[in-house]
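Visitor: mind looking at a prediction? Sequence and model below.
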Amino acid sequence: MTVGLSKELAAEGIRVNSVQPGMTVTDIHASMGDPERPWRAADRVPMGRPGEPEEIAGAIAWLLSADASYTSGPVLRIAGGL
């Protein structure tokens, strides 16, 4: 869908990008009753740890910046090597 929309909308100056975060340390795990969930799955991540929200936000900020003005269509996985 990301690639298709990026091709369809490029001529109108609309960029379409997708961010796919991996396991991330957020309050949602605690609110669901399992605050340690990101750490239990850390051994499956090549980097050996869950991500931090700031790491995901940095990638999104880049996609929104002028530095990414020629970027349209990628699926950016931010998942510690998964």
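Guide: It's in.

Visitor: all strands of this protein, in order?
Guide: With strands called from DSSP state E, the chain shows them at 18-21, 75-78.

Visitor: which strands and helices lie in contact with the last one?
Guide: For strand 75-78, the elements it packs on are strand 18-21, helix 53-64, judged by 3 or more CB pairs under 8 Å, 6 or more residues apart in numbering; DSSP states H and E. Bear in mind the C-beta positions are built from the backbone N, C-alpha and C, glycine included.

Visitor: now for E55, how many residues are close by?
Guide: Counted with other CB atoms under 10 Å, the neighbours of E55 add up to 15.

Visitor: what sits against it?
Guide: Applying CB atoms under 8 Å, 6 or more residues apart in numbering to E55 gives the contacts T24, I78.

Visitor: now with 7 Å?
Guide: Counting by CB atoms under 7 Å, 6 or more residues apart in numbering, E55 touches I78.

Visitor: so how far is S6 from it?
Guide: Applying CB to CB, to the nearest Å, the value for E55 to S6 is 24 Å.

Visitor: any chance of the helices and strands packed on strand 75-78 in CSV, with distance to H29 too?
Guide: Formatted as CSV, those follow (distance: least, CB to CB, whole Å):
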stretch, distance to H29
strand 18-21, 14
helix 53-64, 12
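
Visitor: among the ones you listed, which is nearest V75?
Guide: When those are compared by CB to CB, strand 18-21 sits nearest V75, at 4.5 Å.

Visitor: for stretch 67-82, buried residues please.
Guide: A68, S72, L76, I78, A79, G80 (16 or more other CB atoms under 10 Å).

Visitor: go ahead and confirm the fifth one touches G22.
Guide: Put plainly, it is A79. Yes - under the criterion of CB atoms under 7 Å, A79 makes contact with G22 at 2.8 Å.

Visitor: distance check, T2 against P53.
Guide: T2 sits at a distance of 22 Å from P53 (criterion: CB to CB).
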